[in-house]
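**Q** Next comes the sequence, and after it the predicted model I'd like to discuss.
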Amino acid sequence: MQIDKLEIKALMYRLKSKGVSQIYCYFDGGGDSGEINEIDYKTSVLKQYDDGTLYDSHEDINPETELSSPLKSEDTSLVEGWLYDVIADKVNEYGGDWCNNDGGYGSVDINVEDQTYDVHYAQRTIDECDWSDIGI
């Protein structure tokens, strides 16, 4: 499912306008399949330390129920589809394969406000060695 870049920009604008500041995605694969295990939506909340200092905190939210204007399920499905595209594209650029054999795992961190993302990936590998017929 390749999603148009303009469609993603429009989605990020909708997310931002509804109060979503960050999205964290965790994925894992191996054997012959891979899946997104979790997608966490976060909102930015201004909080205050005991000394009065203000800080920005990111709190988990359910995007379909906990926003002033909830996201439509089509939008959350679009986010998930786009994340699968990002994972496949970036892992392939690396030369890895997160779904087959030993697979791999990682995360995608999206800054909705800046419309940027980071991909973190680890490829599982097995190195086999055979030392046979070694004399004493």
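**A** Arrived safely, thanks for sending. Numbers count the residues shown, from 1 in each chain.
**Q** CA atoms for contacts and neighbours, from now on please.
**A** Will do.
**Q** what about the nearest residue to Gln115 once chain neighbours are set aside, how many neighbours?
**A** Once flanking residues are discounted, Gln115 sits nearest to Met12: 6.8 Å by C-alpha to C-alpha, 6 or more residues apart in numbering. With neighbours defined by other C-alpha atoms under 10 Å, the count for Met12 comes to 23.
**Q** Number the residues from 30 up from this point.
**A** Yes, from this point I'll number from 30; that puts the last item at Met41.
**Q** list the contacts for Met41?
**A** Contact partners of Met41, counting by C-alpha atoms under 8 Å, 6 or more residues apart in numbering, are 141-142, 144.
**Q** and if you look at Lys47?
**A** Lys47 sits next to 96-100 when contact means C-alpha under 8 Å, 6+ apart.
**Q** Longest helix in the chain, by number of residues?
**A** For the chain, the helix with the greatest residue count under DSSP state H is helix 102-123.
**Q** Can you point out the buried residues in that one?
**A** 104-105, 107-109, 111-113, 115-117, 120 (16 or more other C-alpha atoms under 10 Å).
**Q** Rounded mean pLDDT for it, please.
**A** Helix 102-123 shows an average pLDDT of 87 in the prediction.
**Q** Off-centre distance for that helix?
**A** With C-alpha atoms, centre = their mean, to the nearest Å as the basis, helix 102-123 stands 8 Å off its chain's centre.
**Q** was I right about Asp138 contacting Tyr150?
**A** No. Applying C-alpha atoms under 8 Å, one finds Asp138 not in contact with Tyr150, separated by 11.5 Å.
**Q** which helices and strands sit right next to the longest strand anywhere in the chain?
**A** Determined from DSSP state E, the single longest strand within the chain is strand 49-77. Packing contacts for strand 49-77, counted by 3 or more C-alpha pairs under 8 Å, 6 or more residues apart in numbering; DSSP states H and E, involve strand 83-90, helix 102-123, strand 129-140.
**Q** change it to 7 Å
**A** strand 83-90, strand 129-140 (3 or more C-alpha pairs under 7 Å, 6 or more residues apart in numbering; DSSP states H and E).
**Q** Pull out the buried residues from it.
**A** 49-59, 63, 65, 68, 70-72.
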